[in-house]
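Visitor: next comes the sequence, and after it the predicted model I'd like to discuss.
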Amino acid sequence: MYEKEEAKQKAVEVLANHLDMLASIPTEVATENPVILVAISESIKTCSLALALVAKL
């Protein structure tokens, strides 16, 4: 049980760090290229969904 909680905590840390990194990308960079904007948006959505799934474990 303890290993499951450790794995869950590590997953949350990794996903939260990834979300922080995506959120820190300057708006100017994202808006200059629509492909980058879509990639950032999809990454944030995927990370958020993954966090929700980890929370339910």
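Guide: In hand now; what should we look at?

Visitor: so which residues of this structure form helices?
Guide: 2-23, 27-32, 34-56 (DSSP state H).

Visitor: as TSV, those helices with mean neighbour count and mean pLDDT would be great.
Guide: C-beta here means a position set from N, CA and C on the backbone, and glycine is covered the same way. Listed next are these as TSV, based on neighbours: other C-beta atoms under 10 Å; pLDDT from 0 to 100:
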stretch	mean neighbour count	mean pLDDT
helix 2-23	12	84
helix 27-32	10	84
helix 34-56	12	86
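
Visitor: ok, residue 4 touching residue 11?
Guide: No - if you go by C-beta atoms under 8 Å, residue 4 and residue 11 don't touch, sitting 10.6 Å apart.

Visitor: identify the contacts common to the two.
Guide: Common contact partners of residue 4 and residue 11 (C-beta atoms under 8 Å, 6 or more residues apart in numbering): none.

Visitor: check contacts around residue 57.
Guide: 4, 8.
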